[in-house]
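Asker: kindly generate the corresponding structure for this input.
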Amino acid sequence: MLRMPIRLSFFMLGLLVFAAAANAQTSQTGLTAKAGSAPAVNAPVESDRSRDGLVGPVRRVRTEVAKLVMTDGKVGEAKHVLVELAAYDIKGNKIENQYFPIAGATLTGKEVYKYDEKGNISEMTLLNPDGTLLSKEIYKYEFDFAGNWNKMTTSVAVVDGRGITFEPSEVTYRSIMYYLDESMVKMAQPGGAASAPEAAAPTAANTTANLAANAPTNTAAKPESKPNASANKNRDNRKTVTPELPAASNAATKLTSGPVDVKAPAATASQTGPLVDIDEPPPTPGPRPILKPISGGVLNGTAISLPPPVYPDAAKRTRTQGIVTVDVVLDETGKVISANASSGPAMLREPAVQAALKARFSPTKLSGQPVKVSGTINYKFTLIPQ
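Answerer: Numbers count the residues shown, from 1 in each chain. Next up is the predicted model:
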């Protein structure tokens, strides 16, 4: 009879041990889940604007080029020529892109580029198909308040009695407009608040100097008199001259009107986050897009989509036939952004241009960087005998 209670006691003890082990396993699992539940750091989403090498909330970019010419012994800029118009939405997606090709602006040959620390092209070497040197250019930049270049001076390598020198040949201007946000307000008004204290100090010093200069110097000639009550009252009511400070913005008023209430969840020992190596240098900026398109020759065979043009009824009635050549410029994604018929029957040129604008091509890369491409598309209009 005694064995039965003893067996029941051992059985209950075993159940308790099993329950305690299961509870410990559940707690460990919960700790592991908490440790792994740190918020993941989302990689920044690359937009069309950032791929074009632009910094900040850029809305519109207008690019113009001016050749440098010699007039009366002085170097001056020729007429500015519009090259490109681009527009972006608030998220950085390109919503407009117009390119206006300039005769002689297309690069022909193999291009080798060097970049500066900001990722802008600093040097371009143009090589012949056999690898021999054809020409060389260097580029100097000026930047706006946001860090985007707004003036680029191109200089071509020449040889004279001094050896190899670089002669400025053209200037490229970019007019950049930005969406207004808090960062733009701060960058567009640099040092506005900091300049006020600096201006206050000299003003106070000048006031003190003026008071000292106007004070009587010959104190020995006059008997010393005790200040009366009315003099003390006038001195107390004297207003201190202070410089006029600019009015604070609404944001500044809110910040200075009271303490800032910053709330953050408390960190626990079971929570872990991504480790940041403070000794790791910041990433080097990637190379910026090339402004000038490279030559692609005849592009018919490289098209992903090449819709045929519409044969005009008037051309059919007059039995007009022939080949129309359309000069096109492709953007970095392979989209046709400029089309102009350069040869062929006049009656067939407009249908060829409209068809060329609908064509799509694979992106072209140079040294791993997407580039614009210029070339031609040929359309052959032929009537089928009936």
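
Asker: in the chain, where is pLDDT below threshold?
Answerer: Residue ranges of the chain with pLDDT under 70: 1-45, 103-108, 188, 190-291, 386.

Asker: what about the helices in it?
Answerer: Under the criterion DSSP state H, the chain contains helices at 3-35, 48-51, 182-188, 195-214, 229-236, 250-256, 313-317, 346-357.

Asker: what's the local residue count around residue 328?
Answerer: Using other Cβ atoms under 10 Å, residue 328 is surrounded by 24 other residues. C-beta: built from backbone N, CA, C; applies to glycine.

Asker: for it, which residues are in contact?
Answerer: Counting by Cβ atoms under 8 Å, 6 or more residues apart in numbering, residue 328 touches 299, 336, 338-340, 356, 359, 374-377.

Asker: surely residue 337 meets residue 356?
Answerer: No: at 10.9 Å, residue 337 and residue 356 do not qualify as touching, with contact defined as Cβ atoms under 8 Å.

Asker: residue contacts, the closest residue to residue 61 other than its chain neighbours?
Answerer: Excluding the flanking residues, the one nearest residue 61 by Cβ to Cβ, 6 or more residues apart in numbering is residue 86, at 4.7 Å. Contact criterion Cβ under 8 Å, 6+ apart gives 52, 60-61, 63, 94, 96-98 as the residues in contact with residue 86.

Asker: ok, of these, which come out buried?
Answerer: Buried by 16 or more other Cβ atoms under 10 Å: 52, 61, 63, 94, 97, out of the contacts of residue 86.

Asker: including distance to residue 331, could these go into CSV?
Answerer: What follows is these, written out as CSV (distance: Cβ to Cβ, whole Å):
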residue, distance to residue 331
52, 10
61, 13
63, 13
94, 9
97, 6
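
Asker: show me the residues you listed that map onto strands.
Answerer: 61, 63, 94, 97 (DSSP state E).

Asker: now do the same contact list for the nearest residue to residue 141 once chain neighbours are set aside.
Answerer: Computed as Cβ to Cβ, 6+ apart, the closest residue to residue 141 that is not its neighbour in sequence is residue 149, at 4.2 Å. By Cβ under 8 Å, 6+ apart, the contact set of residue 149 is 120, 141-143, 174.

Asker: go again with 10 Å.
Answerer: Counting by Cβ atoms under 10 Å, 6 or more residues apart in numbering, residue 149 makes contact with 53-55, 118, 120, 139-143, 172-174, 176, 288.

Asker: make a ChimeraX selection of the buried ones in these.
Answerer: Filtering the contacts of residue 149 down to the buried ones (16+ other Cβ under 10 Å) takes a single ChimeraX command:
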select :53,54,55,118,120,139,140,141,172,173,174,176,288
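
Asker: and the contacts of residue 149, which is closest to residue 156?
Answerer: Minimum distance to residue 156 across the contacts of residue 149 is 10.8 Å, recorded for residue 139 (Cβ to Cβ).
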